[in-house]
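[1] Everything below, folded, please.
(chains A and B)
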2 protein chains.
Amino acid sequence: MFRHVVMVRFSEDMTDEQKDALRAGLGRLPDVIPEIRTYRFGDDVRLNEGNFDFVVTADFDDAGGYLAYRDHPDHRKLVEGLMAPFVIKRAAVQFEWSAALPPDLPG
Amino acid sequence: MFRHVVMVRFSEDMTDEQKDALRAGLGRLPDVIPEIRTYRFGDDVRLNEGNFDFVVTADFDDAGGYLAYRDHPDHRKLVEGLMAPFVIKRAAVQFEWSAALPPDLPG
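    Below you'll find the predicted structure:
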């Protein structure tokens, strides 16, 4: 399995309505991009100081599935229209399950 | 469910042996911290420019499970001894599953 993780810090002028539109758009992506296996996103719960604001984690069978998602026009349109204009910091990693891990626990 | 995500960029003087020791230590945490439901970590696969180097994603039943992990002495010792000395950038988010999401896909 292959996991994509991206987190962002938003500018202060992003409104709640704009955040709702972003969340709604993200929630529709698994319906239009069949390569997505698991898709989770959410706002930081503010337990720790200095955190970023928002994160998306997306799982795929392999790197090819991730690239199909990354370059899918519906994803690009969403990112460019509803996300990128408000992003002041961004951090991302794509990784594959480590073989050193014990078998997956339920989750 | 509650997910913790942290990604880091390492200093260039971190050796492969030091990275192996970090991975081995992380791989043991699910055995000693029962609150961990799913634990995955790995190196960025270098598909995209500007990414961070390494990520950990950890799932818990709730915020209490995450806090037990965050403050567990074995976790603290690992972070302080094998990770923090080499971290030049760090980004973290903790979030809960969004109710706006469709039911989980298998993954």
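
[2] Quick one: name whatever helix or strand follows the helix or strand where A:Asp74 lies.
    Here A:Asp74 sits within helix A:73-78, counting by DSSP states H and E. Later in the chain than helix A:73-78, the nearest helix or strand by DSSP H and E is strand A:87-96.

[3] follow-up on the earlier one: the helix holding A:Asp74 packs against which elements?
    helix A:16-32 (3 or more C-beta pairs under 8 Å, 6 or more residues apart in numbering or on different chains; DSSP states H and E). All C-beta spots, glycine's among them, are computed from the backbone N, C-alpha and C.

[4] Counting neighbours, which bits of the helix it packs on end up buried?
    Within helix A:16-32, the residues that count as buried by 16 or more other C-beta atoms under 10 Å in any protein chain shown are A:19, A:22-23, A:25-27, A:29-30.

[5] Average pLDDT for that helix, rounded please.
    Here helix A:16-32 scores 96 as its mean pLDDT.

[6] Does chain B have contacts with the next helix or strand after it?
    Following helix A:16-32 in sequence order, the next helix or strand is strand A:38-43 (DSSP H and E). Yes - shown here: strand A:38-43 in contact with chain B (C-beta under 8 Å from any C-beta of the partner chain) through A:38-43.

[7] any idea which of those is closest to A:His72?
    A:His72 has its nearest neighbour among the residues of strand A:38-43 next to chain B in A:Tyr39, at 12.5 Å by C-beta to C-beta.

[8] Was I right to think that closest one contacts A:Asp31?
    No - contact criterion C-beta atoms under 8 Å: A:Tyr39 and A:Asp31 do not qualify, at 10.0 Å.

[9] Need the residues touching each of those two.
    Shared contacts of A:Tyr39 and A:Asp31 (C-beta atoms under 8 Å, 6 or more residues apart in numbering or on different chains): none.
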